[in-house]
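*Asks:* could you work out the structure for the sequence below:
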Amino acid sequence: MVNVTLKDGSVRQVEQGSTVLDLAAAISQGLAKAAVAGKVNGEVKDLVFPLEKDSQVEILTLDSEEGLEVMRHSASHLLAQAVKHLFPGTVLGIGPAIANGFYYDFDSSHTFTPEDLVRIEEEMKRLAKEDFKYERREVSRKEALDYFAEIGEKFKIELINDLPEDVKISLYTQGDFTDLCAGPHVPGTKVLKAFKLQNLAGAYWRGSEKNKMLQRIYGLAFAKNSDLENYLFKLEEAKRRDHRKLGMELDLFSLHDEGPGFPFFHPKGMVLRNALEDFWRKEHQKRGYVEIRTPIILNVGLWQQSGHWDHYKDNMYFTKIDEDDYAVKPMNCPGGMIMYKTKLHSYRDLPIRCGELGLVHRHELSGALHGLLRVRNFTQDDAHIFMLPSQIKQEIIGVIDLVDYFYKIFGFEYHVELSTRPEDSMGSDEDWEIATNALKEALEAKGMAYKINPGDGAFYGPKIDFHLKDCLDRTWQCGTIQLDFQMPERFDLTYIGEDGDKHRPVMIHRVVYGSIERFIALLTEQYAGAFPVWLSPEQVRILPISDKHSDYARKVKDIISGQEIRAELDERREKINYKIREAQTEKVPFALVVGDKEAEEGTVSVRRYGEQKTSVMKLEDFITLIQEEIKSKKLPSFNQN
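*Replies:* Below is the predicted model of the structure:
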């Protein structure tokens, strides 16, 4: 008998040689039916894997990410089998699982078309219903080479020849199809019920442009059809909400070939941007921050001193001034160090919280550029906090509270990751341990769940990253808190302690928005361009029914604008229904219709964006309503979908 420790910590005894599936059946028939693989001592295995010694075992189902990955990998084999059926002579590349699906690369004399994808998908469905078993067998290197040479699979031969001598070579067969694969796989093709071929792309063999271009077919795969349909809906929603499309339609910003990766903000986009910056300034002032501004261009020596040179020089822009080498800043930190050193500080001065809305430039590859989400110049809402070692925990908690407040205002959920020391780091083991433990203690003091992200810290210190979740369940890393013992050392920052001697401060680097540009992109997609009233570039549009109502409409606009509410007047000689529709299309929060009755009674007919009904209100009551929504930063109540 062998002892098996399950995920919940309980221990079961099974006969030696029992399979993972036998174990699942011993627990419950329902679990055995749902099982797709097992995790044995940390490694994912097929259900037929024998348990020969005491082990830790987790039964994987399609409710887990690891179970889904196994299923998606199996779907890639099904895709390859279908292609070989329909297009004999096709040579296989590789076919891994990826996020939400799978792909397979093919070398075929036939150029695949979207119509072919329909045929291939139908063949996959037919094969899946046959419930072919995924059968593994281990073979010698010679057997594998002979087999693939016989059927003309040159890429498989290349892969085998590149494998280390001590690697066990395994083949997986389902029906009449066999592939080189380490596995694992689901028990049979019947498990594959919710998949869809998505699109075609070209891909160089093994990712090298020196190799042949293959044809890649991408597919989606989920546990059940409702999950697939939900994901397809979200893909369509993502297209509708695409900030690049909405940015042009709503006249917020534009991108041009004359400045790739350098966005142009239009007047309406500047209103939105300024609203975000004003909010940032007010909230930081409340929390004891001072605002600074540092130069965009600084001497190269500064970046060498900070350590950024070794880690960022390939992504920096350079220039010469009076024969000296200068760099356009890729981040704000070194300028903050210089600012700190302009005067002598006492322990009584600390903490010093310096905020900066700093424009930075980074050279991104052209293929990586993506609207406002990935640009070459952007504004970081940076802050550098200089503090006593005894203040670390308190200051980190203060930043966590600030980030939490901001994200709740915008209606974002988020999760937290703690990123630890990377390989190319600076500083001693002791400093890193102190810094990492300080971040952990602050998170635990707040009772926050967090995930460890090994090796993804900044080169000068560990960090807490805040990952926003949007309405389409996509996650985006925005806010970050980085604890740094290295920069104060490199720049010889000091303060005078209670003992009259010089001491080294500790510092925090942190952002909340991350990048103003990126945050605007996320907000645009989150709200589908229908921003909360306080952020909306145009908050009210006044619509006179005809020319004779223009005088009253102008009076309404003047009164509203006098209350610092952003209002526009549409006096065009168009039908009122057309003007209402246009206000809705342009996502103006409130359209006010005025005619004879409104002019006579001093009222307005209020049409809120996303609603069909019109409410008649006294003008002063409407002003009270909108002012309250602006003050409270009320989120839109209509369904964004």
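
*Asks:* for stretch 224-242, the distance to its chain's centre please.
*Replies:* 17 Å (C-alpha atoms, centre = their mean, to the nearest Å).

*Asks:* touching, K168 and V139? I think so.
*Replies:* No. Using C-beta atoms under 8 Å as the test, K168 is too far from V139 to be in contact (9.0 Å). In this view, the C-beta of every residue, glycine as well, is placed from N, C-alpha and C.

*Asks:* please save the CA atoms from stretch 416-424 in CSV.
*Replies:* This file holds the C-alpha atoms of stretch 416-424, laid out as CSV (Å, rounded to 0.1, in the frame of the first residue of the first chain):
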residue,chain,number,x,y,z
VAL,A,416,-2.4,42.3,-5.2
GLU,A,417,0.9,40.6,-6.1
LEU,A,418,4.1,40.8,-4.1
SER,A,419,7.1,40.8,-6.6
THR,A,420,10.4,39.5,-5.1
ARG,A,421,14.0,39.9,-5.9
PRO,A,422,15.0,39.5,-9.6
GLU,A,423,18.3,38.0,-10.8
ASP,A,424,19.7,41.4,-12.0
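
*Asks:* so which bits of that stretch are buried?
*Replies:* 416-421 (16 or more other C-beta atoms under 10 Å).

*Asks:* between K168 and V139, who's got more neighbours?
*Replies:* Using other C-beta atoms under 10 Å as the criterion, K168 and V139 rank with V139 on top: 16 against 10.

*Asks:* and the pLDDT at the more buried one?
*Replies:* V139 carries a pLDDT value of 94.

*Asks:* residues touching it, list them.
*Replies:* V139 is in contact with 147, 169-171, counting by C-beta atoms under 8 Å, 6 or more residues apart in numbering.

*Asks:* how about those residues, which pair is most distant?
*Replies:* Largest separation among the contacts of V139 by C-beta to C-beta: Y147 and S170, giving 12.2 Å.

*Asks:* pLDDT weak spots in the stretch 401-550 of the chain?
*Replies:* For the stretch 401-550 of the chain, no stretch has pLDDT under 70.

*Asks:* which residue ranges of it form helices?
*Replies:* Per DSSP state H, counting those that start in this stretch, the stretch 401-550 of the chain carries helices over the ranges 429-445, 486-490, 516-526, 550-561.

*Asks:* just name the most buried of those.
*Replies:* helix 516-526 (a mean of 24; mean count of other C-beta atoms under 10 Å).

*Asks:* and that helix, what other elements does it pack with?
*Replies:* helix 225-241, helix 243-249, helix 267-286, strand 377-387, strand 475-484 (3 or more C-beta pairs under 8 Å, 6 or more residues apart in numbering; DSSP states H and E).

*Asks:* mean neighbour count and distance to I297 for these - can I get that in a markdown table?
*Replies:* Output for the helices and strands packed on helix 516-526, formatted as a markdown table (neighbours: other C-beta atoms under 10 Å; distance: least, C-beta to C-beta, whole Å):
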| stretch | mean neighbour count | distance to I297 |
| --- | --- | --- |
| helix 225-241 | 14 | 37 |
| helix 243-249 | 18 | 29 |
| helix 267-286 | 16 | 22 |
| strand 377-387 | 23 | 13 |
| strand 475-484 | 22 | 23 |
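
*Asks:* ok, which of those comes nearest P636?
*Replies:* Per C-beta to C-beta, nearest to P636 of the helices and strands packed on helix 516-526: helix 225-241, 13.5 Å.

*Asks:* and the helices and strands packed on helix 516-526 as TSV, adding distance to R572?
*Replies:* Formatted as TSV, the helices and strands packed on helix 516-526 follow (distance: least, C-beta to C-beta, whole Å):
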stretch	distance to R572
helix 225-241	28
helix 243-249	19
helix 267-286	19
strand 377-387	36
strand 475-484	39
